[in-house]
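Colleague: Coordinates for the following, if possible.
(2 chains)
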Amino acid sequence: MTEPVINEALPVRQADRTAARVIDGKAVVIVIDRQKLHTLNAVGTRIWELADGRRLGDIADILQEEFEVDRTTALSDATRFVAEMVQLGAVELK
Amino acid sequence: MQTATRSPALALDSECYSYGGVGFEILQAGSHGWELGADHQLFVSRGTEPTCAQVRVAVTVDPSLDLQAGDRTIDWRWEGDHALVRTIGVSAHLQRVAPGSYVAAARVGTRRAAESSLTTALSGVIVGREGGLVLHAAGVVVDGAAVLFIGPSGAGKTTASNHTAAGRWHARDRAAIYPFGNGWWTWGMAGGDDIHLPRAEKRTYPLAGVMRVRRGHRGVTVTDLDATKSLYVLRESAQWAQAGVDEEGRLLDACMAVASAVPVAELHSVLDHDLTSTLSEWSRRRRNFVSATGASVDRARNK
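Modeller: I've put the predicted structure just below:
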């Protein structure tokens, strides 16, 4: 599968065929059609929660504020995480 | 003198039994006869065991179901309080009349295995709807309560069971677990490899804990899992939902409810090391386990 081209203007959304629960600040996400489970750390969980159609750049802005990091770091982390989640089928860019 | 010919009346035979946490009443038309496989004759009483639900099933025989291809995968989808349940040789329409109360109309093929398939399918679907779940697990009874070993095939579930010398086997391949009263209970289901222990008494048992089994290298260790890891290992071993997002969400809620109410640990086991004292000590130490997310239990039960 080719790696997705990601820029901060793209909307990020949880894939339709996923289910997740957050417990103690960490999400357990299931990609139903691939029968794969994934556990997310605190930052990944927050990005997952924000993946409701927001632009990636807006997500980075929120991470910058909530985790007290510079925007370059926030955007870099968010981009890397979203790219991985797209590959896993958990997130869509639409 | 000619005698008028009368059609024979339908012979309704009812069979009552409990299996997988569910009480069954079978009503069947015709003289097909109802015969459960040996593995399903685990519990034949009804009304004396804590079950999470009762189901009344009207059964007819449909030879066309003998021609079905496929495996034993159970497929179901809830639409409101109605579900269509299918597995090889079986097609059933299930309706939830009230919490813990169900009726079903089922068609089964002519092969004897269809009756066991119907029982397994309906019990799993109903337990899931009542806030419980079916785990791929082996289990033993120690000190009057059951410990379930979970993990993928080859993880060592049967081996761990065989290494509990003073225990009795309760489940060999699958177990239904469900809330009842103030605790969680487990019901060993059909199937699985032989376990070289005496069999536990044919009844449901309180669930003492769940252990994710891994092969150890330096001796036996038990590590309690946090809530997130507990949810992960329980879902990893739960009977997979073939339907949609709602079903998957319900299954996750059930896993969360279990994780908050029952001790879950990771067990590293080694060959030739008896686990009886390890399990007894762990169960005794965890007896005062406190629910961390009690609200999730209510959510799972009220759906």
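
Colleague: burial measure for residue A:16, as a count.
Modeller: As a burial measure, residue A:16 scores 10 neighbours (other C-beta atoms under 10 Å in any protein chain shown). Yep, even glycine has a C-beta here, placed from its N, CA and C like the rest.

Colleague: Could you check how far it is from chain B?
Modeller: Residue A:16 sits 7 Å away from chain B, taking C-beta to the nearest C-beta, to the nearest Å as the criterion.

Colleague: Flag every buried residue along stretch A:79-91.
Modeller: By neighbour count with 16 or more other C-beta atoms under 10 Å in any protein chain shown, stretch A:79-91 contains the buried residues A:79, A:81-83, A:85-86, A:89-91.

Colleague: Specify the beta-bridge partners of the residue of chain A found nearest chain B.
Modeller: At 3.9 Å from chain B, residue A:19 is the closest residue in chain A, using C-beta to the nearest C-beta. Beta bridges link residue A:19 to residue A:30, judged by DSSP bridges.

Colleague: thinking it is in contact with residue A:30, fair?
Modeller: Yes: the pair residue A:19 / residue A:30 is scored as a contact, 5.1 Å apart, by C-beta atoms under 8 Å.

Colleague: And the strands in chain A?
Modeller: Taking DSSP state E, the strands of chain A run over residues A:11-14, A:18-23, A:26-31, A:36-39, A:52-55, A:91-92.

Colleague: what do you get for the stretch 201-303 of chain B?
Modeller: Ranges of strands in the stretch 201-303 of chain B, per DSSP state E, counting those that start in this stretch, are B:205-215, B:221-224, B:264-269.

Colleague: now the residue sitting nearest the centre point of chain B, which residues is it bridged with?
Modeller: Closest to where the C-alpha atoms of chain B average out (C-alpha atoms, centre = their mean) is residue B:176, at 2.4 Å. Beta-bridge partners for residue B:176, by DSSP bridges, are residue B:134, residue B:187.

Colleague: Report the distance from stretch B:18-31 to the chain centre.
Modeller: Chain-centre distance of stretch B:18-31: 16 Å, with C-alpha atoms, centre = their mean, to the nearest Å.

Colleague: Any buried residues in it, and which?
Modeller: Going by neighbour count (16+ other C-beta under 10 Å), the buried part of stretch B:18-31 is B:18-24, B:26-28.

Colleague: got it, and stretch B:264-273?
Modeller: B:264-270.

Colleague: Ok, stretch B:132-150 next?
Modeller: Buried, per 16+ other C-beta under 10 Å, within stretch B:132-150: B:132-142, B:145-150.

Colleague: pretty sure the residue nearest to the centre of chain B is in contact with residue B:190, am I right?
Modeller: No: contact criterion C-beta under 8 Å: residue B:176 and residue B:190 do not qualify, at 11.0 Å.
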